[in-house]
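**Q** build the 3D model from these lines:
(one chain, ligands or ions: 2)
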Amino acid sequence: MTTEHRYYGNLPKIGIRPTIDGRRKGVRESLEDITMNLAKAVASFLSENMNYYNGEPVECVIADTTIGGVAEASKTAEKFKKEGVGVSITVTPSWCYGSETMDMDRTIPKAVWGFNGSDRPGGVYLAAVLAAHNQKGLPAFGIYGKDVQDLDDDSIPEDVQEKLLRFAKAGLAAAMMKDKSYLSMGSVSMGIGGSMVNEDFFQDYLGMRNEYIDMTEFVRRLNEEIYDKDEFAKALDWVRENCKEGPDNNPDDFKRSRQQKEQDWETNIKMTLIARDLMIGNPKLAEMGYEEEAEGHHAIVAGFQGQRQWTDHFPNGDFMETILNTSFDWNGTRAPFLVATENDTLNGATMLFGHLLTNTAQVFADVRTYWSPEAVKRVTGQTLTGKAENGIIHLLNSGAAALDGTGEQMKDGSPVIKPYWEITDEEVKKMLDSTLWRPASTDYFRGGGWSTDILTKGGMPVTIARINLVKGIGPVLQIAEGYSVDIPEEVHHTLDDRTDPTWPTTWFVPNLTGDGAFKDVYSVMNNWGSNHCSMSYDHIGSDLITLASILRIPVNMHNVSEEKIFRPSAWEMFGTKDQEGADYRSCQNFGPLYR
Ligand SMILES: C[C@H](O)[C@@H](O)[C@@H](O)C(=O)CO
Ligand SMILES: [Mn+2]
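**A** Ligands and ions are numbered 1, 2, ... in the order given. Take a look at the predicted model:
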């Protein structure tokens, strides 16, 4: 596995702050080793259980000394700044002096683990320092183990591990976004609200910047061959060998000629190279004399306008978006990129959340159709069964989807989506073999192109999510955990043929709770806030909720059980019974992290 570094600068680290009762002549001395050992245990635990997007273990930085007062707190803050720390975790087995030792950096996500030991009051410090955080408007996560531990026990109990990981993954995701770009390739697609860039959202909530290129930049680079021609040749051979063409679904007088289709392949491959270079740059371009183009736009996520007017004339972006969102290409497995169809910036941001929390590829989809059991019976004569018995939601993007979404990667005999460094060559081949590249529907895409026809294997736990913008509130996140499901092949084809069979399909069933938006499958679709969602593997709703709370984005809809919800302790001050309302009040009160 080649460890790639896509972004300038170092990857954010996790700072560990061993904090102690500063009273010397006995108390402090008796706690020095225990406190520092706790910090080392947390650092090892996180580095052993967390990776960056490129597969490298997450780096933790421990303060040079235990922190007994403001001088050591300031020296630690200084060290953390130099080291590029983006998340801080304070650990202590004892009483300490809250405001004198607390982490005061308002933009760094922070948590405090107050060791539950009866000998010295780590738990009391935890409550005191969280109170100080709340009074100062610096929300922090509180971690307090359920069972009392002996003072010399530097093990990390399971419940503490779960909270440390949940916080650290979300905190690191927030830190990874900081100062990166969302690159709009083109502008608004077909009047889609999510395509309208809201710079305040990216800047104030995510600490990101917005970059733009006009679509003529693609024309320039295509016409002047501003891409790595050797890589293009390699990619073309790879496509010819690995990308199976499926039937052309266009009516005869709307079919593109063989020559045009060959041309479309070549254009699509070049578009893929160009889009990637636009996002992260490419030193090869500097060798060709294109120093500025070699820099890229420091984009951790991008969107391609595509429809329309590019696709009215040029081949569509389905192949480009599919390959970039997939965890491999002609160079082998690699970290997926994040490219939003129709330049849906809000779905792109949602893809970014899912990817940074899981290091896996994200599947962009239209939330296309709710099929009730009755409608399926009427149209196909068949009865839905199993998880699909209460109805299904057709996730179907208009042409592109990460091939990881096929469900051809396996773990313990079940379909999964893995970080790229765990994907085998056999699984790459299986993903390609289960994909048909279909000539684009030329009624929609007059310029042609190759769309991605895949069907997600059933039985995969997945989470769909979406950030919506509401005037007066700002960003709001919605989440639905559920499963991909298999339906009988002939039922799939009948339903799929009614929309566009050349596109990628996942049949999705949300986990129902029996009330509110999760009363039934129909209500989930009826409450979905936009035409798109981002689908992640596994049930990551609780991680998304923690990340949203760090970014001060309220969650309007989710089906995550209450005991798995982890937010800053301040949220409880806004009400403990009505968690949803408290979330809104807290986000409103504290406002966006970077404003
Ligand atoms: C081809 C159609 O215009 C689709 O692109 C359209 O239904 C969408 O995907 C809207 O999000
Ligand atoms: Mn769409």
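
**Q** now do the helices in the stretch 1-150 of the chain.
**A** All helices of the stretch 1-150 of the chain, identified by DSSP state H, counting those that start in this stretch, fall at 27-49, 70-83, 98-101, 122-135.

**Q** ranking the ones you listed by mean pLDDT, which is last?
**A** Among the helices of the stretch 1-150 of the chain, helix 122-135 carries the lowest mean pLDDT, at a mean of 92.

**Q** that one - contacts with which helices or strands?
**A** The contact analysis (3 or more CB pairs under 8 Å, 6 or more residues apart in numbering; DSSP states H and E) places helix 122-135 against strand 85-92, helix 98-101, strand 110-114, strand 141-143. Quick note: C-beta positions are derived from backbone N, CA and C, even for glycine.

**Q** what angle separates the third one from strand 85-92?
**A** Think strand 110-114. Taking axes from the mean of the first three to the mean of the last three CA atoms, to 10 degrees, one finds that strand 110-114 is oriented at 20 degrees with respect to strand 85-92.

**Q** format the helices of the stretch 1-150 of the chain as TSV; extra columns: mean neighbour count.
**A** Converted to TSV, the helices of the stretch 1-150 of the chain look like this (neighbours: other CB atoms under 10 Å):
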stretch	mean neighbour count
helix 27-49	18
helix 70-83	16
helix 98-101	20
helix 122-135	20
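
**Q** how about the residue of the stretch 1-150 of the chain found nearest ligand 1: what's its closest non-neighbour residue?
**A** When you check the stretch 1-150 of the chain against ligand 1 by CB to the nearest ligand atom, the closest residue turns out to be residue 53, at 27.1 Å. Nearest non-adjacent residue to residue 53, counting by CB to CB, 6 or more residues apart in numbering: residue 335, 4.9 Å away.

**Q** count of neighbours near residue 580?
**A** A count of neighbours around residue 580, defined by other CB atoms under 10 Å, yields 14.

**Q** average pLDDT for whichever strand or helix holds it?
**A** Element membership of residue 580 [criterion: DSSP states H and E] is helix 579-590. Averaging the model's pLDDT scores along helix 579-590 yields 98.

**Q** quick one: distance of that helix to the chain centre.
**A** 23 Å (CA atoms, centre = their mean, to the nearest Å).

**Q** now for that helix, which elements pack on it?
**A** Where contact means 3+ CB pairs under 8 Å, 6+ apart, helix 579-590 is packed against helix 541-550, strand 555-557.

**Q** among the ones you listed, which is nearest ligand 1?
**A** strand 555-557 (20.0 Å).

**Q** which residues touch the nearest residue to residue 521 once chain neighbours are set aside?
**A** In this structure, residue 521 finds its nearest non-sequential neighbour in residue 391, 3.8 Å apart by CB to CB, 6+ apart. Residues touching residue 391, when contacts are defined by CB atoms under 8 Å, 6 or more residues apart in numbering, comprise 370-373, 384, 509, 520-522.

**Q** can you give the distance of the helix or strand of the chain at the bottom of the mean pLDDT ranking from its chain's centre?
**A** Of the helices and strands making up the chain, the lowest-confidence element is helix 122-135, at a mean of 92, by mean pLDDT, DSSP states H and E. With CA atoms, centre = their mean as the basis, helix 122-135 stands 31 Å off its chain's centre.

**Q** state the helix or strand in which the residue nearest the centre of the chain lies.
**A** Centrality entry for the chain: nearest residue to the mean C-alpha point is residue 354, 2.0 Å, by CA atoms, centre = their mean. Here residue 354, judged by DSSP H and E, is contained in helix 345-358.

**Q** swap in residue 567?
**A** In this assignment (DSSP H and E), residue 567 forms part of neither any helix nor any strand.

**Q** ligand 2 versus the closest residue to it other than its chain neighbours, what's the distance?
**A** Residue nearest to residue 567 in three dimensions, not counting chain neighbours: residue 549, with 4.0 Å by CB to CB, 6+ apart. The spacing between residue 549 and ligand 2, counted by CB to the ion, to the nearest Å, is 29 Å.

**Q** list the contacts of residue 549.
**A** Residues counted as contacts of residue 549 (CB under 8 Å, 6+ apart) are 139, 567-568, 571, 583, 586-587.
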